[in-house]
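Student: let's see this in three dimensions:
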Amino acid sequence: MGALKEEPPEEMTIVLDDRALNFDFDKSVVKPQYNEMLTNLKDFIEKNDYEVTIVGHTDYIASNAYNMGLSKRRAEAVKTKLIELGLDPSRIVGIVPRGEEEPIADNATTEGRAKNRRVEFKLVKRGSKGEVNSEESRVIDVKKEEVKTEN
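Tutor: Predicted coordinates for the structure are as follows:
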């Protein structure tokens, strides 16, 4: 008898690892190098029946108002790319600009600022009442569709 496959959670935050979808300084263009990763993410969303909220982030350079707009443009660019790659637009349930509010790296360094110019994906099972506010995040290797919990 085969092993039972673990069901995907009702809700998760996708935090991409070192291949994260990052942006150049003051840009909102999704680079072609991310097409395969986004295609794999699209497939993961469809296979596991998720809806997605795309959350845009920036580094701390520029005003908060400007960064909120830039983070929204980044999330919108990723939304457009996911739809171009075949994701049903009804699966994208929100765009959330966070600006510079939630850095994941040190904004005092060039490398840290580059890591902060990113998008994250909040996934909720379709039809669930899950809120996209989980304290728990999951790191996904979209090439292998492996999900690991991080607390």
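Student: from here on, just use CA atoms for contacts and neighbour counts.
Tutor: Fine.
Student: identify the residue spatially nearest to Ile104, adjacent ones excluded.
Tutor: Asn116 (6.0 Å; Cα to Cα, 6 or more residues apart in numbering).
Student: the one you found: how many residues sit nearby?
Tutor: Neighbourhood size, Asn116 [other Cα atoms under 10 Å]: 24.
Student: relative to Ala75, how far out is Ile61?
Tutor: 18 Å (Cα to Cα, to the nearest Å).
Student: follow-up on the earlier one: does the residue nearest to Ile104 touch Asp59 like I think?
Tutor: Yes: with contacts counted by Cα atoms under 8 Å, Asn116 reaches Asp59, the gap being 5.2 Å.
Student: overlap in contacts of these two?
Tutor: Listed as contacting both Asn116 and Asp59 by Cα atoms under 8 Å, 6 or more residues apart in numbering are Glu100, Pro103, Asn107.
Student: rebuild the residues you listed as JSON lines, extending it with secondary structure, pLDDT and distance to Thr80.
Tutor: Below are those laid out as JSON lines (DSSP: H, G, I helix; E, B strand; the rest coil; pLDDT from 0 to 100; distance: Cα to Cα, whole Å):
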{"residue": "Glu100", "secondary structure": "coil", "pLDDT": "96", "distance to Thr80": "22"}
{"residue": "Pro103", "secondary structure": "coil", "pLDDT": "94", "distance to Thr80": "24"}
{"residue": "Asn107", "secondary structure": "coil", "pLDDT": "96", "distance to Thr80": "28"}
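Student: alpha carbons only: can I get the lengthiest helix in the chain in PDB?
Tutor: What stands out as the longest helix in the chain, according to DSSP state H, is helix 64-84. Extracted C-alpha coordinates of helix 64-84, given in PDB (Å, rounded to 0.1, in the frame of the first residue of the first chain):
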ATOM      1  CA  ASN A  64       6.900  55.800   1.700                       C
ATOM      2  CA  ALA A  65       4.200  57.100  -0.700                       C
ATOM      3  CA  TYR A  66       6.400  56.500  -3.800                       C
ATOM      4  CA  ASN A  67       7.400  53.000  -2.500                       C
ATOM      5  CA  MET A  68       3.800  52.100  -2.000                       C
ATOM      6  CA  GLY A  69       3.100  52.900  -5.600                       C
ATOM      7  CA  LEU A  70       6.200  51.100  -6.800                       C
ATOM      8  CA  SER A  71       5.300  47.900  -4.800                       C
ATOM      9  CA  LYS A  72       1.800  48.000  -6.300                       C
ATOM     10  CA  ARG A  73       3.300  48.300  -9.800                       C
ATOM     11  CA  ARG A  74       5.500  45.300  -9.100                       C
ATOM     12  CA  ALA A  75       2.600  43.200  -7.900                       C
ATOM     13  CA  GLU A  76       0.500  44.200 -10.900                       C
ATOM     14  CA  ALA A  77       3.400  43.300 -13.300                       C
ATOM     15  CA  VAL A  78       3.600  39.800 -11.700                       C
ATOM     16  CA  LYS A  79      -0.200  39.500 -12.000                       C
ATOM     17  CA  THR A  80       0.000  40.400 -15.700                       C
ATOM     18  CA  LYS A  81       2.800  37.800 -16.200                       C
ATOM     19  CA  LEU A  82       0.900  35.000 -14.400                       C
ATOM     20  CA  ILE A  83      -2.200  35.700 -16.600                       C
ATOM     21  CA  GLU A  84       0.000  35.700 -19.700                       C
END
